[in-house]
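J.: Predicted structure and sequence below. I'll ask about it afterward.
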Amino acid sequence: MKMEHRIQAPRAGEVTRLHYSVGDRVDMGTTLVEIGD
């Protein structure tokens, strides 16, 4: 089953690091990306 979830950033910025790849399973509350200025 394919699922899609929207992710909202708490502020504007540029993604500086991705912690996971497409298809990875993560727990709720996990940091997925880092955002720089």
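T.: That came through fine.
J.: ok now do residue 26, which residues does it touch?
T.: 20, 32 (CB atoms under 8 Å, 6 or more residues apart in numbering). For every residue, glycine as well, the C-beta is placed using N, CA and C.
J.: let's see 10 Å
T.: Counting by CB atoms under 10 Å, 6 or more residues apart in numbering, residue 26 touches 19, 20, 32.
J.: Repeat that for residue 37.
T.: Residue 37 sits next to 11, 12, 13, 14, 16 when contact means CB under 10 Å, 6+ apart.
J.: burial measure for residue 35, as a count.
T.: 13 (other CB atoms under 10 Å).
J.: how about it, what does it touch?
T.: Counted by CB under 10 Å, 6+ apart, residue 35 has contacts 9, 10, 11, 12, 13, 14, 15, 16, 17.
J.: try residue 30
T.: 19, 20, 24.
J.: for the chain, which residue is closest to the average position?
T.: residue 32 (3.4 Å; CA atoms, centre = their mean).
J.: Restricted to strands, list the contacts of residue 35.
T.: Here DSSP state E is the test, and the contacts of residue 35 give 14, 15, 16, 17 as lying in strands.
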